[in-house]
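S.K.: Fold the following and give me the result.
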Amino acid sequence: MSLIGQSVTIIGAGVAGLAAARALALRGAKVTVLEQADAIREVGAGLQISPNGACVLRALGLQAGLEAASTRAEAVQLIDGPTGDPVARLDLARLRPGQGYHFLHRADLIALLLNGAQEAGATVRLLSRINSVDLSGARPVVALETGERIETPLLIGADGLHSKTRTALNGAEQPFFTNQVAWRAVIPCESGAAPVAEVHMGPGRHLVSYPLRDGSLRNIVAVEERQKWAEESWSLRDDPMDLRLAFEGFSPRVRDWLDRVEDPWLWGLFRHTVAGNWVKPMGQGGAAILGDAAHPTLPFLAQGASMGLEDAWVLAHSLATHDTVAAALSAYQTLRKPRTTRIVAAANANARAYHLSGLPRLIGHTGLRLLGRLSPGAMVARFDWLYDHDVTQIP
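M.R.: Presented below is the predicted three-dimensional model:
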């Protein structure tokens, strides 16, 4: 069906929401993005865009902006956290020279997507906090906390972990605490740092770090298993001493980084199910969810942003290539749900592998060392199903 002049309302101006806004606006849709904040800003932290996400940005005409804002990753280095000894290295640049693995600041990606959405004609409405989403009538209705009600033919919920659109589609759900917490921080980077993602693994904890913004900054994500609960929020601060104590048994390299952390963010890691229902065709329109609203994932495969980009492209493509909204929404869920379910499961498995202790840790690290020496290509090939997937080639 033609999207020219089609009104679409998107809730949330994050990665998935803004990517969907550009993808739909480029196809002629009249897109309005509702954002609760008073300005488009992101908590300062890094993220990774793997080839499956980069191909979406390229198809959206944002390749040059991605290259300008990011650093191309050369490798992933697995390291024994306490000793600092190398375990295995995945040489991405050598083994996959045609693919792009990118490190970039989250704020830079949001700025790229925001400019892209607005350039394509999308409108972003700030200070639009959602009170409720009603999918019981012929069209979706969004109620704002100001009392305003917005009826829209097409509603896209890119409203994150606590999505009201997901609740309207599936009812209330209760995620469970994984007994893991994560800290995020950005520090000045040492000169000459290689564009490598380092994964420092230890019993019950691990730390990932890589350079940002041409090596001027270093991103840190540190995860610890513990019983003490922490809120599932991106806006909690923590005492840097708690972070340092959690990793006091790690190598001097890691401890030096953490000594320079001044004001880390802390969030509890909760496991959510992939949503049962992603879409709802309605009498005069329909609704869909994407990104974290559909498939919140633990941060152990660095796929949150790339999955949201994939969702945005597939949803826009489905709406543009099917005769009805109902057919388009059904195709979107059919294409996306199995893949994102597999990615979420793989991220869960990585969490266990990073935190081994005792004999399983010895066996696991020995196996990784042998595989890295004898068949480094096989280590990279393990995730070809993930990184080689290009949603922009869907017919």
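S.K.: how close does the closest residue to residue 390 other than its chain neighbours get to residue 380?
M.R.: Closest residue to residue 390 apart from its sequence neighbours, by C-beta to C-beta, 6 or more residues apart in numbering: residue 55 at 4.7 Å. Heads up, the C-betas are built off the backbone N, CA and C, glycines and all. Distance of residue 55 to residue 380, computed by C-beta to C-beta, to the nearest Å: 18 Å.
S.K.: for the residue nearest to residue 390, helix, strand, or coil?
M.R.: Classification of residue 55 using DSSP: H, G, I helix; E, B strand; the rest coil returns helix.
S.K.: Isn't it up against residue 394?
M.R.: No: Residue 55 is not in contact with residue 394 according to C-beta atoms under 8 Å; the separation is 11.4 Å.
S.K.: okay, the two: which has more neighbours?
M.R.: residue 55 (25 against 12; other C-beta atoms under 10 Å).
S.K.: Contact partners for that one?
M.R.: Each residue near residue 55 by C-beta atoms under 8 Å, 6 or more residues apart in numbering is listed here: 390-392.
S.K.: which residues sit in contact with residue 271?
M.R.: Counting by C-beta under 8 Å, 6+ apart, the residues that residue 271 touches are 175-176, 178, 298, 348.
S.K.: what about it, distance to residue 225?
M.R.: Distance from residue 271 to residue 225, by C-beta to C-beta: 13 Å.
S.K.: cool, and residue 388?
M.R.: Taking C-beta to C-beta, one finds residue 388 at 32 Å from residue 225.
S.K.: what's the pLDDT at residue 378?
M.R.: As predicted, residue 378 sits at a pLDDT of 69.
S.K.: same question, residue 271
M.R.: On the pLDDT scale, residue 271 is placed at 86.
S.K.: Dig out what it forms beta bridges with.
M.R.: Beta-bridge pairing for residue 271 (DSSP bridges): residue 176.
S.K.: start at 59 instead
M.R.: Sure, I'll start counting at 59 from here, so that last one is residue 329.
S.K.: quick one on the thing from earlier: considering the contacts of residue 329, which possesses the most neighbours?
M.R.: Of those, with other C-beta under 10 Å as the count, residue 356 tops at 20 neighbours.
S.K.: where does that one fall, phi/psi-wise?
M.R.: The phi and psi torsions at residue 356 (degrees, to the nearest 10) take the values phi -70, psi 150.
S.K.: tell me which element the closest residue to it other than its chain neighbours is part of?
M.R.: Spatial nearest neighbour of residue 356, excluding adjacent residues (C-beta to C-beta, 6+ apart): residue 405 at 4.8 Å. Using DSSP states H and E, residue 405 falls within helix 383-412.
S.K.: Show the buried residues in the contacts of residue 113.
M.R.: For those, a burial check counting by 16 or more other C-beta atoms under 10 Å picks out 448-449.
S.K.: Which of the contacts of residue 113 fall within helices?
M.R.: Among these, no member is found in helices (DSSP state H).
S.K.: For residue 320, state which of the contacts of residue 113 is nearest.
M.R.: Distances from residue 320 to the contacts of residue 113, taken as C-beta to C-beta, are shortest for residue 449 (39.5 Å).
S.K.: ok, now which ones touch the closest one?
M.R.: With C-beta under 8 Å, 6+ apart, residue 449 has these contacts: 110, 113-114, 368, 371-372, 375, 393.
S.K.: Now do the helices in the chain.
M.R.: According to DSSP H, the helices that the chain contains are 73-84, 109-117, 121-127, 150-153, 164-177, 222-228, 298-304, 310-317, 362-379, 383-412, 416-432, 434-439, 442-445.
S.K.: List the contacts of the fifth one.
M.R.: What that stands for is helix 164-177. Contacts of helix 164-177 (C-beta under 8 Å, 6+ apart): 71-73, 76-77, 79-80, 83, 89, 91, 98-105, 107, 115, 118-120, 123-124, 127-128, 182, 271, 363.
S.K.: Just want the angle from it to helix 109-117.
M.R.: Angle of helix 164-177 versus helix 109-117, following axes from the mean of the first three to the mean of the last three C-alpha atoms, to 10 degrees, is 30 degrees.
S.K.: now do the longest one
M.R.: If you take the same axes, to 10 degrees, helix 383-412 sits at 140 degrees to helix 109-117.
S.K.: Leaving out sequence neighbours, find the closest residue to residue 86.
M.R.: Excluding its sequence neighbours, the residue lying closest to residue 86 (C-beta to C-beta, 6+ apart) is residue 62, at 3.4 Å.
S.K.: the more surrounded of residue 446 and residue 283?
M.R.: residue 283 (17 against 13).
S.K.: in the sheet, who's paired with that one?
M.R.: residue 238.
S.K.: Next: residue 323.
M.R.: Note on residue 323: beta-bridge partners by DSSP bridges are residue 242, residue 295.
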